[in-house]
Each structure stands twice: as structure tokens, then as C-alpha cells.
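Colleague: please find the sequence and the predicted model below.
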Amino acid sequence: MAMQTVKMVITGPYASGKTEFIRSISEIDVVSTDTKVSEGTYEATVKDQTTVAMDFGRITIDDDLVLYLFGTPGQRRFDFMWEILAEGMLGFVVMVDSTKPETFREAKSILETFRAYAPTPYVVAANKQDMEEAWPAEDLRIALRIDDNVKLLPCVAKDKEKVKVVLLELLYSILEEMDT
């Protein structure tokens, strides 16, 4: 049997944990297009680097299956990359910073945008669940108005095991859809 590759896109608002998510699981050094954030901007108050094109990582599941992970930029001014990165994806993860309710509307908007690009399976990762001020996953489901049939998973992007759970749940959803 030939090697199967699965393209997954990791998307979400600015500073939701997309790059960290890919870094924690990738078996290769992540190819990243980060650049310094301009001084005096909102973004500079959050972090000092931002993704402008994409992040790329890879994980080999077994001899027959490799996942390619593409992280999108989170800022709207780079959203022209979203459609390019969405092409050929078999599924996507929407990262949500559970500690920042002010980003929830943007997360929902990004989710709807990617659903419009391709009707592929997706999961929502409620990131930063290790922080005291994090909203519980079920409260996030209500805030984001996400259907009960959508997998909304607690996550900590720095924790390889938690990232693995999110990716496996997405992979199961993809395989389930391929069987139908």
C-alpha cells in the first residue's frame, strides 16, 4: 500500500496557540514564517512574533500514514493565505484561546470561513485549559454557538499528549467521513 498523506490546517485567531500546537507535535523542525510585530500595535502587547504566511510541521503516524500540518496566520490582514492553505485539506482544527473571550467572535468567524472553503471535518481546540482563567470547554461551546455534534476538545498547545488527542480526534472524523 502506498504512503497516505493527510493535509490538516490549524487555524484560529491571533495568539490562540497555532504555532505552539504544531511545534509541540511535529517530528521535524517547524518551517515558520514568523516576523517581528510592529511596535505600538495591539499585537505587540500580546507577543513579539507573528505568522505571516504559514507554519508547517509533519508527524508520521505509522508506515502508511503521514500528517502534514499547516498553520495559518491569525491576523485578518494575512487572510489571503487562508484559502491557499485550505486547498486540499482533509480537515482542520480551530484553535481558541480559552482565556480571551474577546477573541471568541473572531474564532467563530474563522470557523465559518474555513467551512465555506471546504466541507471537511473539523474540531475545535479549547486552548490554554491549564490556566486558571480559562473558560471550560462546554461554556465555550455555548459562547461560540457550536453544535453538540462538533468535537470541542480541551487542549494545552504546549502539551504533546493533549495535541495528539486533538489531532487523533480530527483524524478519526476524517476517516469516518471517508468510509461513508
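Modeller: Noted; the coordinates are in hand.
Colleague: okay, CA-based contacts and neighbour counts for the rest of this
Modeller: Noted.
Colleague: got the confidence number for residue 50?
Modeller: Per-residue confidence (pLDDT) for residue 50: 56.
Colleague: repeat for the one 4 residues further on
Modeller: Looking at residue 54, its pLDDT stands at 78.
Colleague: cool, and residue 78?
Modeller: So residue 78 comes in at 79 (pLDDT).
Colleague: neighbours of it, how many?
Modeller: When neighbours are counted by other CA atoms under 10 Å, residue 78 registers 14.
Colleague: again with residue 110
Modeller: 21.
Colleague: can you give me the helices for this protein?
Modeller: 18-25, 42-46, 80-86, 104-117, 137-144, 160-179 (DSSP state H).
Colleague: and the ones you listed, which one's lowest on average pLDDT?
Modeller: helix 42-46 (a mean of 51).
Colleague: which residues touch residue 65?
Modeller: 3-6 (CA atoms under 8 Å, 6 or more residues apart in numbering).
Colleague: got CSV for those residues, with distance to residue 159, neighbour count and pLDDT too?
Modeller: Shown next, in CSV, are the contacts of residue 65 (distance: CA to CA, whole Å; neighbours: other CA atoms under 10 Å; pLDDT from 0 to 100):
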residue, distance to residue 159, neighbour count, pLDDT
3, 28, 9, 80
4, 26, 11, 89
5, 24, 16, 90
6, 22, 17, 92
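Colleague: among those, which are located in strands?
Modeller: 4-6 (DSSP state E).
Colleague: and which of those residues is nearest residue 143?
Modeller: residue 6 (30.5 Å; CA to CA).
Colleague: just to revisit the earlier point, most tightly surrounded among the helices of the chain?
Modeller: Across the helices of the chain, averaging neighbours per residue (mean count of other CA atoms under 10 Å) puts helix 18-25 on top, at a mean of 24.
Colleague: can you list contacts of that one?
Modeller: 10-12, 29-30, 55-57, 59, 69, 71-72, 95, 157-160, 163-164.
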